[in-house]
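Asks: sharing a model that was predicted from the sequence below.
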Amino acid sequence: MNTRTAEMMPPKAVSEKASVMTPTNAIAKVRFSSAKAQRVHLAQCEGLAAELLCLEGGQQLRIKSEAAVLYIILGTAEVSAGDQTVTLQTGYVFAPGTAFTLANAGEHRLVCLTCQAA
């Protein structure tokens with residue numbers, strides 16, 4: 001009996017339509033640059049896109065989508081919209097409901113997953 005895990009063996013398509021289902025190992029896609037924050041495309045389907053946001057200390061990104069959900073994978077994030085700022089630690093999920101600025105509020109690297117309207 002074959003007992004390999006999904007990490008060891010890619011999933012098999014069960015029909016022609018299912019062949020478009022391609023999983024992505026998000027952690028393997030993490031990348032950083034001292035020059036600027038990194039946005040790493042992970043997946044997209046009708047109306048929805050998933051990206052990794054990878055920031056070194058002191059970096060920030062502007063997220064223009066009003067329909068976005070942010071998950072903090074690693075680090076400390078500061079999310080600002082208008083005159084409000086929220087600090088989020090690893091494990092938090094946040095849906096600001098408006099365009100926002102994401103900043104790395106810590107000394108270490110910040111990795112976030114965002115799903116937003118495409």
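Replies: Arrived safely, thanks for sending.

Asks: from here on, just use CA atoms for contacts and neighbour counts.
Replies: Fine.

Asks: what residue is smack in the middle of the protein?
Replies: Taking C-alpha atoms, centre = their mean, the centroid of the chain lies closest to residue 113, which sits 1.8 Å from it.

Asks: okay, and for this protein, where does confidence drop off?
Replies: Where the chain drops to pLDDT under 70, the residues are 1-20.

Asks: ok, the residue nearest to the centre of the chain - contacts?
Replies: Contact analysis of residue 113 by C-alpha atoms under 8 Å, 6 or more residues apart in numbering lists 50, 51, 52, 53, 70, 71, 72, 73.

Asks: residues near the third one, how many?
Replies: This points to residue 52. 24 (other C-alpha atoms under 10 Å).

Asks: okay, now the sheet partners of the helix or strand hosting it, with direction.
Replies: If you go by DSSP states H and E, residue 52 is part of strand 48-55. The pairing partners recorded for strand 48-55 under DSSP bridges are strand 38-45 (antiparallel), strand 110-117 (antiparallel).

Asks: now distance to residue 88 too, for the ones you listed, in CSV please.
Replies: As requested, the strands paired with strand 48-55 are exported to CSV (distance: least, C-alpha to C-alpha, whole Å):
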stretch, distance to residue 88
strand 38-45, 19
strand 110-117, 11
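
Asks: pick the most deeply packed of those strands.
Replies: Greatest average neighbour count among these goes to strand 110-117 (a mean of 22), per mean count of other C-alpha atoms under 10 Å.

Asks: just to revisit the earlier point, tell me which residues of the strand holding residue 52 are tucked away?
Replies: 49, 50, 51, 52, 53, 54, 55 (16 or more other C-alpha atoms under 10 Å).

Asks: mind checking how far it is from the chain centre?
Replies: Mean-position distance between strand 48-55 and its chain equals 3 Å (C-alpha atoms, centre = their mean, to the nearest Å).

Asks: need the contact partners of that strand.
Replies: Counting by C-alpha under 8 Å, 6+ apart, 26, 30-33, 36-44, 103-104, 109-118 sit against strand 48-55.

Asks: again with stretch 68-77
Replies: Stretch 68-77 has contacts (C-alpha under 8 Å, 6+ apart) with 87-97, 102-106, 108-117.
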